[in-house]
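Participant: using only what follows, build the 3D model:
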Amino acid sequence: MAEYENKPKKVKFDEDDKAKKVELEEDDKPKKVELEGIVAEKLPNNLFIVELDNSLKVLAHVSGRMKMNCINILPSDRVKVELNPNDKTKDGRFRAKIVFRSK
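Facilitator: A predicted model of the protein is given here:
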(Lines give C-alpha, C1' and ligand atoms only; values in the text may rest on other atoms or scores of the structure.)
Protein backbone atom coordinates (compact mmCIF):
# COMPACT_ATOMS: atom_id res chain seq x y z
CA MET A 1 0.00 0.00 0.00
CA ALA A 2 2.86 2.40 0.74
CA GLU A 3 4.31 2.09 -2.77
CA TYR A 4 1.08 3.45 -4.30
CA GLU A 5 1.07 6.52 -2.03
CA ASN A 6 4.55 7.60 -3.17
CA LYS A 7 3.77 7.54 -6.92
CA PRO A 8 0.93 9.85 -7.97
CA LYS A 9 -0.67 8.63 -11.19
CA LYS A 10 -3.09 10.15 -13.63
CA VAL A 11 -5.88 8.23 -15.32
CA LYS A 12 -6.58 8.64 -19.03
CA PHE A 13 -9.03 6.86 -21.31
CA ASP A 14 -7.57 4.71 -24.05
CA GLU A 15 -8.49 5.79 -27.60
CA ASP A 16 -9.54 2.29 -28.71
CA ASP A 17 -11.71 1.30 -25.77
CA LYS A 18 -13.40 4.04 -23.74
CA ALA A 19 -14.07 1.68 -20.83
CA LYS A 20 -10.42 0.64 -20.58
CA LYS A 21 -8.17 3.02 -18.59
CA VAL A 22 -4.44 3.53 -18.90
CA GLU A 23 -2.35 4.94 -16.04
CA LEU A 24 0.25 7.56 -16.84
CA GLU A 25 3.13 8.84 -14.74
CA GLU A 26 3.08 12.45 -13.58
CA ASP A 27 6.24 13.22 -15.60
CA ASP A 28 4.37 12.85 -18.92
CA LYS A 29 3.06 16.42 -18.59
CA PRO A 30 5.35 19.28 -19.70
CA LYS A 31 6.80 21.23 -16.79
CA LYS A 32 5.80 24.87 -16.30
CA VAL A 33 8.17 27.52 -15.00
CA GLU A 34 7.13 30.46 -12.79
CA LEU A 35 9.04 33.71 -13.38
CA GLU A 36 8.61 37.34 -12.37
CA GLY A 37 8.65 40.41 -14.57
CA ILE A 38 7.23 43.85 -15.27
CA VAL A 39 4.37 44.58 -17.69
CA ALA A 40 5.88 46.60 -20.54
CA GLU A 41 2.86 47.06 -22.80
CA LYS A 42 -0.89 46.38 -22.86
CA LEU A 43 -2.30 44.93 -26.09
CA PRO A 44 -5.93 44.31 -27.17
CA ASN A 45 -7.85 41.20 -26.05
CA ASN A 46 -6.27 41.02 -22.57
CA LEU A 47 -2.78 40.40 -23.93
CA PHE A 48 0.34 41.91 -22.41
CA ILE A 49 4.03 42.08 -23.23
CA VAL A 50 5.93 41.25 -20.05
CA GLU A 51 9.65 41.89 -19.67
CA LEU A 52 11.05 39.23 -17.37
CA ASP A 53 13.86 39.77 -14.86
CA ASN A 54 16.31 38.09 -17.26
CA SER A 55 15.40 40.76 -19.93
CA LEU A 56 13.37 38.28 -22.06
CA LYS A 57 10.06 39.60 -23.44
CA VAL A 58 7.06 37.26 -23.48
CA LEU A 59 3.48 37.57 -24.71
CA ALA A 60 1.15 36.89 -21.77
CA HIS A 61 -2.57 36.55 -21.14
CA VAL A 62 -4.50 36.82 -17.87
CA SER A 63 -5.45 33.63 -16.03
CA GLY A 64 -9.10 32.73 -15.58
CA ARG A 65 -9.08 33.22 -11.82
CA MET A 66 -7.74 36.76 -12.23
CA LYS A 67 -10.50 37.49 -14.78
CA MET A 68 -13.17 36.19 -12.39
CA ASN A 69 -11.89 38.39 -9.54
CA CYS A 70 -11.66 41.47 -11.83
CA ILE A 71 -7.98 42.15 -11.19
CA ASN A 72 -6.79 44.97 -13.43
CA ILE A 73 -3.26 44.93 -14.79
CA LEU A 74 -1.56 48.10 -15.97
CA PRO A 75 1.82 48.75 -17.55
CA SER A 76 4.66 48.91 -14.97
CA ASP A 77 2.90 46.38 -12.68
CA ARG A 78 5.08 43.60 -11.26
CA VAL A 79 3.57 40.20 -12.16
CA LYS A 80 4.33 36.52 -11.80
CA VAL A 81 3.94 34.52 -15.02
CA GLU A 82 3.67 30.79 -15.69
CA LEU A 83 5.72 29.81 -18.72
CA ASN A 84 5.56 26.62 -20.76
CA PRO A 85 8.96 26.12 -22.45
CA ASN A 86 7.38 24.30 -25.43
CA ASP A 87 4.87 27.04 -26.28
CA LYS A 88 6.08 29.71 -28.75
CA THR A 89 4.25 32.16 -30.99
CA LYS A 90 4.93 32.62 -34.71
CA ASP A 91 7.35 35.51 -34.18
CA GLY A 92 9.48 33.49 -31.74
CA ARG A 93 8.22 34.93 -28.46
CA PHE A 94 7.19 32.65 -25.65
CA ARG A 95 3.54 32.54 -24.60
CA ALA A 96 2.86 32.88 -20.86
CA LYS A 97 -0.02 33.15 -18.40
CA ILE A 98 -0.15 35.89 -15.74
CA VAL A 99 -1.04 34.22 -12.45
CA PHE A 100 -0.25 36.90 -9.83
CA ARG A 101 0.02 40.71 -9.63
CA SER A 102 2.19 42.24 -6.91
CA LYS A 103 1.17 45.44 -5.19
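Participant: rest of the way, CA atoms for contacts and neighbours
Facilitator: Noted.
Participant: tell me who's in contact with the residue nearest in space to the middle of the chain.
Facilitator: Among the residues of the chain, the one closest to the centroid is residue 82, at 3.9 Å (Cα atoms, centre = their mean). For residue 82, the contact set (Cα atoms under 8 Å, 6 or more residues apart in numbering) comprises 32-35, 96-99.
Participant: mind doing that once more with 10 Å?
Facilitator: If a contact means Cα atoms under 10 Å, 6 or more residues apart in numbering, then residue 82 has 32-36, 60, 63, 95-100 as its contacts.
Participant: most neighbours out of those, which is it?
Facilitator: In terms of neighbour count, residue 96 stands highest of those at 28 neighbours, by other Cα atoms under 10 Å.
Participant: hey, what's that one bridged with?
Facilitator: Beta-bridge pairing of residue 96, defined through DSSP bridges, involves residue 60, residue 83.
Participant: from residue 41, how far off is it?
Facilitator: To residue 41, residue 96 is 14 Å away according to Cα to Cα, to the nearest Å.
Participant: do residue 90 as well
Facilitator: Residue 90 is 19 Å from residue 41, where distance means Cα to Cα.
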